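Novice: next come a sequence and a model predicted from it.
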Amino acid sequence: MGMECVTFGQRKGGNWLVAVLLPAALGFTLDALSDQAYADYQSALTPESATSHYNKANQLHQGAVITLGISGVLWGYNLFATHKAADGHRRALRQFIEQ
């Protein structure tokens, strides 16, 4: 949301918020499903069922790591872009004051 402040209300912050929160929400959901699949693996009664639940838990966990990683990369990029925009505004204000 820092982008909203440094762009003087050009409505860029909301888009970044959605872009970061959607993959994060998906990642946390996949992680919860992975935990449930792992619990099912631990209580499985047959080797085939255990293997199936274990593979499902691993796939869901990998999906969670990937989506949370995407969210982290987007958040990091947004922090960089916000810093760059704020620095540009700071320089413009300093130049205006010095004139």
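Specialist: That came in fine, so what should we check first? Numbering: from 1, shown residues only.
Novice: quick one: the strands in the protein, in order.
Specialist: With DSSP state E as the definition, the chain shows no strands.
Novice: by mean pLDDT, flag the weakest helix or strand of it.
Specialist: Lowest by mean pLDDT, DSSP states H and E among the helices and strands of the chain is helix 2-6, with a mean of 59.
Novice: gap between the residue nearest to the spatial centre of the chain and residue 31?
Specialist: Relative to the mean C-alpha position of the chain, the nearest C-alpha, by CA atoms, centre = their mean, is the one of residue 71, at 1.9 Å. Distance of residue 71 to residue 31, computed by CB to CB, to the nearest Å: 12 Å. Every residue, glycine included, has its C-beta placed from N, CA and C.
Novice: and residue 72, by the same measure?
Specialist: For residue 72, the distance to residue 31 - CB to CB - is 14 Å.
Novice: more neighbours, those two?
Specialist: residue 31 (17 against 14; other CB atoms under 10 Å).
Novice: tally of neighbours for the residue lying closest to that one once chain neighbours are set aside?
Specialist: Nearest residue to residue 31, sequence neighbours excluded (CB to CB, 6 or more residues apart in numbering): residue 64, at 4.0 Å. Other residues near residue 64 come to 20 when the count uses other CB under 10 Å.
Novice: show me the helices in this protein, by range?
Specialist: 2-6, 13-42, 47-98 (DSSP state H).
Novice: hey, least reliable of those by pLDDT?
Specialist: Lowest mean pLDDT within the helices of the chain: helix 2-6, a mean of 59.
Novice: for residue 60, see how far away the residue nearest to the centre of the chain is.
Specialist: In terms of CB to CB, residue 71 sits 16 Å off from residue 60.
Novice: repeat that for residue 75.
Specialist: Taken as CB to CB, the span from residue 75 to residue 60 is 22 Å.
Novice: distance-wise, check residue 38 relative to residue 98.
Specialist: 62 Å.
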